[in-house]
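**Q** Sharing a model prediction with you, sequence too.
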Amino acid sequence: MGRLRLFFAVWVPPDCGDVIWRELAPLRRRAPGVRWTRPDSYHVTLRFLGDVEPERVAPLSALLDEAARVPRVPIRLHGLGAFPSKGPPSVIWIGAESPTLASLHLRLEEGLDPLGFQAEKRAFHPHLTVGRLRARKGAVSIRAAETAPSARAFVVDRLHLVSSDLRPSGPRYTFLHTAGMSGGPGDGLG
């Protein structure tokens, strides 16, 4: 068996994802050159791990179990943006705001160091990818965000270690391990 393309993530609940999908319909109609993420694949990546040997899944699962020993994490999805911030966009995203998501990311990051993973060089900017542009030229400008979905909030009660199999039709995700959060919901979505 070859290496696995892995990441840690939280998944958006189906009811929340379905609403976002419906509210993005006007943008989808205006931007046919975008490969839109299906609502059942909506997630917020906590840490991308890259191509990893299968024997490392067990220690990564143990790390996820340890990181999940915290209260449930509230998340608020809102706004619409694109990467990169200058020039033609390649990724369309919705922001993910949480008073405790960054500390959860940090717990995972610190646990990865003893497992031989290099620290992430980029700052953590939690987001939900809703589309990727196949070709940048001719892209509809989404920076004005007049079709941004309304804010949605949910509470994360599970963390996932996910394998991503990249295909021409888009990635196929497999949950390799799921860790339940230990405590009641955290405070503060507003």
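**A** Structure's in. What do you need?
**Q** what sits against residue 16?
**A** Neighbouring residues of residue 16 by C-beta atoms under 8 Å, 6 or more residues apart in numbering: 42, 77, 152, 154. (Each C-beta comes from the backbone N, C-alpha and C, glycine too.)
**Q** change it to 10 Å
**A** Listed by C-beta atoms under 10 Å, 6 or more residues apart in numbering, the contact partners of residue 16 are 39, 42, 75, 77, 128, 149, 152-154.
**Q** Quick one, which of the residues you listed are buried?
**A** Listed as buried from the contacts of residue 16 are 39, 42, 75, 77, 128, 149, 152, 154; burial here means 16 or more other C-beta atoms under 10 Å.
**Q** where's the residue lying closest to the second one once chain neighbours are set aside relative to residue 46, distance?
**A** Distance criterion C-beta to C-beta, 6 or more residues apart in numbering; nearest residue to residue 42, sequence neighbours excluded, is residue 12 at 3.9 Å. As for residue 12, its distance to residue 46 is 13 Å (criterion: C-beta to C-beta, to the nearest Å).
**Q** swap in residue 164?
**A** For residue 164 relative to residue 46 (C-beta to C-beta), the value is 14 Å.
**Q** one step back: find residues that contact each of residue 12 and residue 46.
**A** residue 156.
**Q** contacting residues for the residue nearest to residue 96 when sequence neighbours are not counted?
**A** Nearest residue to residue 96 in three dimensions, chain neighbours excluded: residue 126, at 3.9 Å (C-beta to C-beta, 6+ apart). For residue 126, the contact set (C-beta under 10 Å, 6+ apart) comprises 10, 44-46, 75, 77, 93, 95-98, 101-102, 104-105.
**Q** next one: residue 68
**A** Shown in contact with residue 68 (C-beta under 10 Å, 6+ apart): 104, 107-108, 156-159, 178-183.
**Q** Strands - which of these land there?
**A** Taking DSSP state E, the ones among those that sit in strands are 156, 158-159, 178-180, 183.
**Q** Show me which of those are buried.
**A** Among the ones in strands among the contacts of residue 68, those classed as buried by neighbour count (16+ other C-beta under 10 Å) are 156, 159, 179.
**Q** Pipe those into CSV and attach pLDDT and distance to residue 50 per row.
**A** Listed next are those as CSV, based on pLDDT from 0 to 100; distance: C-beta to C-beta, whole Å:
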residue, pLDDT, distance to residue 50
156, 94, 23
159, 97, 18
179, 97, 20
